[in-house]
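Undergrad: Whatever this is, show me its structure:
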Amino acid sequence: MGNTNIPVLGLGTWEIGGGMSRDTSRDSEGIAAIKKAIELGYTHIDTAEMYGAGHSEELIGFAISDFDRESLFITTKVLPEHLHYDDVIKSAEGSLKRLETDYIDLYLIHIPNPKIPIKETMQAMDLLVRQKKIRFIGVSNFSVEQLKEAGEYTENKIVNNQIEYNLLTRHSGMYNVNIESEIIPYCQENDIIITAWKPLVKGELFRKKNKLLEELAPKYNKTIGQIAINWLISKKNIITIPKSTNTEHLKENLGALGWKLGAEDMKRLDEEFR
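TA: Numbering: from 1, shown residues only. Okay, the predicted model is just below:
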């Protein structure tokens, strides 16, 4: 991972502060959850200018003001319609202001936009790195072809591709196909860290009864959620960002760290859900 060192378990913040539009009705709950997560040991916080139309970033900015900024790793993302050169700069500056920070640890292109030349997007990303406004650059929901093209136009390494990946989403997700056959192997070979979003499939894993998961949970003295997260982070260069505002769930997700599924059980899970 070089000196990127993105914490393997992050806090996802989609819907904290609203979905696609700003929602202030549960601000105190959102701020409390982010603070609680940091107190429990989460140091990686993942957000985007899209979340709550920027309000998620504002809540994070408020929540992290009590903590040492350098101990945190903050990821945010630029909207696909903001990928022209000047718009990328403007978006990053907007995110910095809302997050009340001098720098973003990892800045991602949220979704590829074929209507805007990737060359100008990457040149803007490079400028932001030179200005020390962002530390690392990455992408989200990119195919191998899109990754290769973006890589051609930047003087900085693309360190991260954030994609939908979990026990149930193996081949195709909302934005990508050939996830396990192409995207993941390419990223692993090129030392690009994969951040798996929606690791618990919004609770679907718990609703769908599965004999193997129900067998493995007591075997490892873990919950089904902890098994699902450990399956992800036991793979080379894969990290994940489960979202929760519930203290018990935050604690439970941390329980996926510090141990490993056996090779045979990893294989069984690989095959069971394929």
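
Undergrad: so where's this protein shaky on pLDDT?
TA: Low-confidence segments of the chain, defined by pLDDT under 70: 1-4.

Undergrad: Strands along the stretch 151-274 of the chain, start to end?
TA: For the stretch 151-274 of the chain, the strands defined by DSSP state E, counting those that start in this stretch occupy 158-164, 193-197, 238-240.

Undergrad: any idea how far the second one is from the chain center?
TA: What that stands for is strand 193-197. 6 Å (Cα atoms, centre = their mean, to the nearest Å).

Undergrad: What of the longest one?
TA: Centroid separation between strand 158-164 and its chain, computed with Cα atoms, centre = their mean, is 8 Å.

Undergrad: That strand packs against which elements?
TA: For strand 158-164, the contact count by 3 or more Cβ pairs under 8 Å, 6 or more residues apart in numbering; DSSP states H and E identifies strand 104-109, strand 134-140, helix 144-152, strand 193-197 as packing neighbours. All C-beta atoms are positioned from the backbone trio N, CA, C, and that covers glycine.

Undergrad: any chance of the ones you listed in TSV, with distance to Thr13 and mean neighbour count too?
TA: As requested, the helices and strands packed on strand 158-164 are exported to TSV (distance: least, Cβ to Cβ, whole Å; neighbours: other Cβ atoms under 10 Å):
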stretch	distance to Thr13	mean neighbour count
strand 104-109	14	25
strand 134-140	14	24
helix 144-152	24	16
strand 193-197	11	24
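
Undergrad: if we can go back for a sec, want to try CSV for the strands of the stretch 151-274 of the chain, with distance to Gly258 as columns?
TA: Shown next, in CSV, are the strands of the stretch 151-274 of the chain (distance: least, Cβ to Cβ, whole Å):
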stretch, distance to Gly258
strand 158-164, 23
strand 193-197, 19
strand 238-240, 15
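
Undergrad: Identify the residues contacting Tyr66.
TA: For residue 66 the amino acid is Asp, not Tyr. Shown in contact with Asp66 (Cβ atoms under 8 Å, 6 or more residues apart in numbering): Lys35.

Undergrad: With the one 3 residues further on instead?
TA: Under the criterion of Cβ under 8 Å, 6+ apart, the contact list for Arg69 reads Thr101, Asp102.

Undergrad: before we move on, back to that, save the helices and strands packed on strand 158-164 as TSV, and put in distance to Phe273 too.
TA: Formatted as TSV, the helices and strands packed on strand 158-164 follow (distance: least, Cβ to Cβ, whole Å):
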stretch	distance to Phe273
strand 104-109	27
strand 134-140	23
helix 144-152	22
strand 193-197	14
